[in-house]
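Trainee: sequence isn't available, so here's the structure alone:
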């Protein structure tokens, strides 16, 4: 217990003794985390956009005018029981024409009056479960619906090209995301490792003496871990505060500019601690 | 208590020891005398297990160099007091913290650390400089801090590697007086030196070493 208290005090004292290197380390971590934070915020917002776009992926099943109510009810039940279907909404011919008119904001025309009949068919709108909101999932559900009695394959439509494109761009975005994230994280780790390495090299004689007078390896290493951890924590808090301030100012200028959950700030702080620990661990393992 | 038996070891550059036999008993004061490069420091390194013999063995208390686990080495060093010619003080902390460090590594209670550290500093006459940093002290004072650090944990033996090598004659006498006082209280001392003048005036046991061999 006494040793633990001493080690903790040594870690804190070590920070005070090497104020300049400590300041550089904290600054390094803060800048790295700001980069990671910007990248995280972009990623999270991108994911939200993607989610919103994905939620629009739905199927429409057009019905023959000759189908009676009993058949329509049966089809609704059958479609609801298909794997991947989360909701089935019936759109009657009347609802379809109302939607059509409101969509084109064309209230002055009454299509029924002009044509003498309602040209739009009744339909089902099929919402998909999350896992099926992709090209393969939508295709599978479309095929299953197309195979039902009274429904032809050509009656099932969805924005196939949109889904395929969406998926392509999501894949590219995720790849870029990972690449940038990995580069930023690795750079930060390298900078922190190098910083602790410099501390170890500058304390080489001191460390050697400590071991000559009976200090165990752990006794020498632990204060360095604590130093790395505290530097990471401070760097993390600074980066979180900086991003918070920038986004606050930004949202005054452009309201609703970007949404950031408090979890991002917590994650940045935790990442700072992790970076500090990982950096000091790598340096201690390699140079001590 | 400390025994080196037919020890041989080589550094990569070819220097080292050919055959060293040495024994220090409880409460003894032994001089290890030889010219520069004879292997005196290496003999001390064998005892605090910084180096290991390729032949023969070293025993310190119940530890044997051929059997000791690396993790046990710090625990041997806590039973020894080591004084170096270049003092090897921790430059980043003051005199009190330098001496107290040895107790902290053993997990001693804060109250005991304070009491023992102040006692050791009083022993070497440095109580009034406990808050000074090493670079604010003279060579003689730095060596006295090193002695305080070596004795603070009540070692059974003090290993002194040329403790007066960097000091003027007057300060050297002061350091020798402190070592005499410690020995008179029962602490064994093994002192490596090339100062023949110093050892010729003593009636203590002398072990000579030349070209890596102890002479009987």
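Mentor: That came through, no problem. Small disclaimer: the values here were computed from a predicted structure and weren't measured.
Trainee: next, count neighbours for residue 186.
Mentor: Since no chain was named, I'll use chain A. 11 (other C-beta atoms under 10 Å in any protein chain shown). Every residue, glycine included, has its C-beta placed from N, CA and C.
Trainee: wait, I meant chain B there
Mentor: Neighbours of residue B:186 (other C-beta under 10 Å): 9.
Trainee: got it, and residue B:69?
Mentor: Residue B:69 - counted by other C-beta under 10 Å - has 8 other residues nearby.
Trainee: so how far is the helix or strand of chain B with the lowest mean pLDDT from its chain's centroid?
Mentor: Every helix and strand of chain B was ranked by mean pLDDT, DSSP states H and E. The lowest is helix B:196-200, at a mean of 84. For helix B:196-200, the separation from the chain centroid amounts to 19 Å (computed by C-alpha atoms, centre = their mean, to the nearest Å).
Trainee: other residues contacting the helix or strand just after that helix?
Mentor: Downstream of helix B:196-200, the next assigned helix or strand under DSSP states H and E is strand B:205-210. Strand B:205-210 has contacts (C-beta atoms under 8 Å, 6 or more residues apart in numbering or on different chains) with B:20, B:22, B:28-35, B:38-40, B:43, B:199, B:214-215.
Trainee: list the buried residues for the least confident helix or strand of chain B?
Mentor: B:198, B:199 (16 or more other C-beta atoms under 10 Å in any protein chain shown).
Trainee: now do stretch B:65-81
Mentor: B:65, B:68, B:73, B:74, B:76, B:77, B:78, B:79, B:80, B:81.
Trainee: show me these that map onto helices.
Mentor: Within the buried residues of stretch B:65-81, membership in helices is found for B:73, B:74, B:76, B:77, as judged by DSSP state H.
Trainee: near chain A too, which of those residues?
Mentor: Contacts with chain A within these, as defined by C-beta under 8 Å from any C-beta of the partner chain: B:74, B:77.
Trainee: show me where chain A has strands.
Mentor: A:58-62, A:85-91, A:123-128, A:156-157 (DSSP state E).
Trainee: what lies in contact with the third one?
Mentor: Among residues not part of strand A:123-128, those counted as contacts by C-beta under 8 Å, 6+ apart are A:57-63, A:75-76, A:79, A:84-91, A:96, A:137-138, A:141, A:145.
Trainee: thinking again about what came up before, helices and strands around the least confident helix or strand of chain B, which ones?
Mentor: Packing partners of helix B:196-200 (3 or more C-beta pairs under 8 Å, 6 or more residues apart in numbering or on different chains; DSSP states H and E): strand B:29-33.
Trainee: coming back round to it: among the ones in helices among the buried residues of stretch B:65-81, list the two that are farthest apart in space.
Mentor: B:74 and B:76 (7.4 Å; C-beta to C-beta).
Trainee: OK, contacts around the closest residue in space to residue B:6 that isn't next to it in sequence?
Mentor: Of all residues not flanking residue B:6 in the chain, residue B:56 sits nearest, at 3.7 Å (C-beta to C-beta, 6 or more residues apart in numbering or on different chains). Residues in contact with residue B:56 (C-beta under 8 Å, 6+ apart) are B:4, B:5, B:6, B:7, B:8, B:19, B:20.
Trainee: from those, which is closest to chain A?
Mentor: residue B:4 (18.9 Å; C-beta to the nearest C-beta).
Trainee: quick check: closest non-adjacent residue to residue A:258.
Mentor: Residue nearest to residue A:258 in three dimensions, not counting chain neighbours: residue A:45, with 5.8 Å by C-beta to C-beta, 6+ apart.
Trainee: quick one: pLDDT of the one you found?
Mentor: Note on residue A:45: pLDDT of 80.
Trainee: from residue A:130, how far out is it?
Mentor: 19 Å (C-beta to C-beta, to the nearest Å).
Trainee: residue A:224 contacts residue A:284, doesn't it?
Mentor: Yes - look at residue A:224 against residue A:284 with C-beta atoms under 8 Å: they come within range, at 5.5 Å.
Trainee: common neighbours of the two, please.
Mentor: A:196, A:200.
Trainee: tell me where the stretch 1-150 of chain A has helices.
Mentor: A:2-17, A:19-55, A:69-80, A:93-103, A:111-115, A:135-146 (DSSP state H, counting those that start in this stretch).
Trainee: lowest-confidence stretch among these?
Mentor: helix A:111-115 (a mean of 69).
Trainee: wait, a helix at residue B:118?
Mentor: Yes - Residue B:118 sits within a helix when classified using DSSP: H, G, I helix; E, B strand; the rest coil.
Trainee: for the record, mean pLDDT for the longest helix seen in chain B?
Mentor: Across chain B, the longest stretch assigned as helix under DSSP H is helix B:169-184. In this model, helix B:169-184 has a mean pLDDT of 89.
Trainee: got the buried residues for it?
Mentor: B:171, B:172, B:174, B:175, B:176, B:178, B:179, B:182, B:183.
Trainee: swap in stretch A:152-164?
Mentor: A:155, A:156, A:158, A:163.
Trainee: check contacts around the closest residue to residue B:181 other than its chain neighbours.
Mentor: Spatial nearest neighbour of residue B:181, excluding adjacent residues (C-beta to C-beta, 6+ apart): residue B:123 at 8.0 Å. Contacts for residue B:123 (C-beta under 8 Å, 6+ apart) come out as B:148, B:151, B:178, B:181, B:182.
Trainee: the first one and residue B:127 touch, don't they?
Mentor: To tie it back to what came earlier, the one meant is residue B:148. No - the pair residue B:148 / residue B:127 is not scored as a contact, 9.9 Å apart, by C-beta under 8 Å.
Trainee: all good on my end, thank you.
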